[in-house]
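# Okay, sequence plus prediction incoming.
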Amino acid sequence: MKKSLLVLAIFGAFAGVASAQSSVTAYGIVDMGISRETGGTDANGNAVKSVTRLGSGIQSGSRLGFKGTEDLGGGLKAMFQLETGIAADTGGFNQGGLAFGRQSWVGLDGNFGTVSMGRQYSAQFIALDSIDPFGTGLAGNSINLFTMPNGIRNNNSIKYATPSMGGFTADVMYGLGEVAGNSSAKRSIGGSVGYAAGPLVVNLSYEKDNAAANTATSVTTVSTGSTKNTQLSGSYDFGVAKLAAAYRKDKADQIVASTGPSAQVNADNFLVGVTVPFGASAFLASYIRHNDKLAANQDANQFALGYTYALSKRTNLYTSYARISNDNGAGFTVSDATAGGTNEKAFNVGVRHKF
């Protein structure tokens, strides 16, 4: 209760600032939809019960945010963004109840580029979200198989992004692990190089995330190693249709316990998708392949279809269906922009409003 009152007080303070200064903007999304999830099995092969739920943030996570800039002169600007995830179905907060769990950063922008610090999206997520026909939302969410085990955001991160130079951009991000006595534990390093001009968008990104390193006194429970992800993504807009494709290589080798096996990952992920606009409508489709290269050979395939209809510039209706085929005990499920999935098939329908 105290946390809710504190956050509401902060919102009220920012609302006052926003009305007094044109450089501060309040914005948000309210997204509500119904999702029907079916067809899953547990680790023993038993059928998982189907579920119908009312979800907040199926196409896009419901949110309330504040962003702003201040002109410091000489081409230099201060900038910030604070964004909280709203669970509109219950009136609560997403991202584990964090006050500003979606984004929370401050930085400087100038002719040299942009430097920002705080809780920020990873370069790989931004690149994937920009080309995915489903926008990493709806039942066709690309992250269903392009999993990001370390999350789509980096805490305690410092990011530098170059200005656009003939359509080319680059950025690098360093996330401090903040583990006492071990500067490499929980550290993340990533970045991307991109090109965007006219109908063409291409991006190459890389991220390495180190595991924590902890040792108990009685039973050694060491978690070491790292995950490494390399991703190439792009799209081309022909006008009548926008084609998208992505490839990512995932590798990980983490010792999770002295008496247990290593948590290994070696997989290739492929995505092809299309968006076909037609007046106020847009038809979406994608196919994703997860190719497990370990001995278990736990492959998976996802087929997805979707449709959106714009009632206005701010409000649209949506519907989507996706099905995952898991092989050899793979446990991938169909999720959406906010909620993790429970089953291998999902259908959703809803409405999204931006303000």
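Sure thing, it's come through. The model shown is predicted, which means the values in this text are computed figures rather than measured ones.
# mind listing the helices in the protein by residue range?
2-20, 123-131 (DSSP state H).
# hey, what's the residue lying closest to Leu284 once chain neighbours are set aside bridged with?
Using Cβ to Cβ, 6 or more residues apart in numbering and skipping residues adjacent in sequence, the residue nearest Leu284 is Gly306, 3.6 Å away. Quick note: C-beta positions are derived from backbone N, CA and C, even for glycine. Taking DSSP bridges as the rule, Gly306 bridges to Leu284, Ser320.
# Point to the residue nearest the middle of the chain.
Nearest residue to the geometric centre of the chain (Cα atoms, centre = their mean): Ile152, 4.4 Å.
# Pop out the phi and psi values for that residue.
Ile152 adopts backbone torsions of phi -100, psi 0, taken as degrees, to the nearest 10.
# Who are the contact partners of the nearest residue to it once chain neighbours are set aside?
Counting by Cβ to Cβ, 6+ apart, Ile152 lies nearest to Phe125, which is 4.0 Å off, once chain neighbours are set aside. Phe125 sits next to 136, 148, 152-153 when contact means Cβ atoms under 8 Å, 6 or more residues apart in numbering.
# could you flag which of these are buried?
136, 148, 153 (16 or more other Cβ atoms under 10 Å).
# and which of these is nearest Gln103?
Lowest distance from Gln103 to the buried ones among the contacts of Phe125 (Cβ to Cβ) belongs to Arg153, with 7.6 Å.
# for the chain, what are the low-confidence residue spans?
1-22, 42-45, 213-224, 254-263 (pLDDT under 70).
# Run a quick neighbour tally on the closest residue to Leu271 other than its chain neighbours.
What sits nearest to Leu271 in space, not counting adjacent residues and going by Cβ to Cβ, 6+ apart, is Ala246, at 4.2 Å. Residues lying near Ala246 (other Cβ atoms under 10 Å) number 24.
# what sits against Ala246?
Counting by Cβ under 8 Å, 6+ apart, Ala246 has contacts 128, 131-132, 142, 146, 231-234, 269-271.
# likewise Thr315?
351-354.
# Then Leu243?
Per Cβ under 8 Å, 6+ apart, neighbours of Leu243: 235-236, 272-274.
# switch to 10 Å and redo it
131, 133, 199, 234-237, 272-275 (Cβ atoms under 10 Å, 6 or more residues apart in numbering).
# Give me the distance between Asn266 and Ala296.
Computed as Cβ to Cβ, to the nearest Å, the Asn266 to Ala296 distance reads 10 Å.
# one step back: I figured the residue nearest to Leu284 hits Asp336, correct?
No - look at Gly306 against Asp336 with Cβ atoms under 10 Å: they stay out of range, at 11.2 Å.
# For these two, list the residues in contact with both.
Contacts common to Gly306 and Asp336, judged by Cβ under 10 Å, 6+ apart, are 59, 134, 137-140, 320, 322, 348.
# Give me the subset of the residues you listed lying in strands.
In strands, judged by DSSP state E, the following of those are found: 320, 322, 348.
# Spatially nearest residue to Val240 (excluding sequence neighbours)?
Of all residues not flanking Val240 in the chain, Val276 sits nearest, at 7.2 Å (Cβ to Cβ, 6+ apart).
# Quickly list what the one you found is bridged to.
Phe283.
# about what we covered before: save the contacts of Ala246 as JSON lines, and put in neighbour count too.
Below are the contacts of Ala246 laid out as JSON lines (neighbours: other Cβ atoms under 10 Å):
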{"residue": "Leu128", "neighbour count": "25"}
{"residue": "Ile131", "neighbour count": "24"}
{"residue": "Asp132", "neighbour count": "26"}
{"residue": "Ser142", "neighbour count": "27"}
{"residue": "Phe146", "neighbour count": "25"}
{"residue": "Gln231", "neighbour count": "22"}
{"residue": "Leu232", "neighbour count": "14"}
{"residue": "Ser233", "neighbour count": "26"}
{"residue": "Gly234", "neighbour count": "20"}
{"residue": "Asn269", "neighbour count": "20"}
{"residue": "Phe270", "neighbour count": "16"}
{"residue": "Leu271", "neighbour count": "22"}
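# Go through the residues you listed and name the one nearest Ile288.
Using Cβ to Cβ, Leu271 is the member of the contacts of Ala246 that lies nearest Ile288, at 4.8 Å.
# wouldn't that closest one be in contact with Asn141 here?
No - with contacts counted by Cβ under 10 Å, Leu271 stays clear of Asn141, the gap being 11.1 Å.
# Name the residues contacting each of those two.
Residues touching both Leu271 and Asn141 (Cβ under 10 Å, 6+ apart): 132, 286, 288, 302.
# From Ala127, how far off is the last one?
Read that as Gln302. With Cβ to Cβ as the criterion, Gln302 and Ala127 are 19 Å apart.
# bridging residues for the residue nearest to Leu271?
Where Ala246 sits in a bridge, its partners, by DSSP bridges, are Ser233, Leu271.
# Kindly report the same for Ile189.
Beta-bridge partners of Ile189, counted by DSSP bridges, are Tyr174, Lys208.
# what's around Gly279, how many residues?
Counted with other Cβ under 10 Å, Gly279 comes out at 7.
# Next up, the contacts around it.
Residues in contact with Gly279 (Cβ under 10 Å, 6+ apart) are 309-310.
# change it to 8 Å
No contacts exist for Gly279 under Cβ under 8 Å, 6+ apart.
# Please apply the same query to the one 4 residues further on.
Counting by Cβ under 8 Å, 6+ apart, Phe283 makes contact with 275-276, 305-307.
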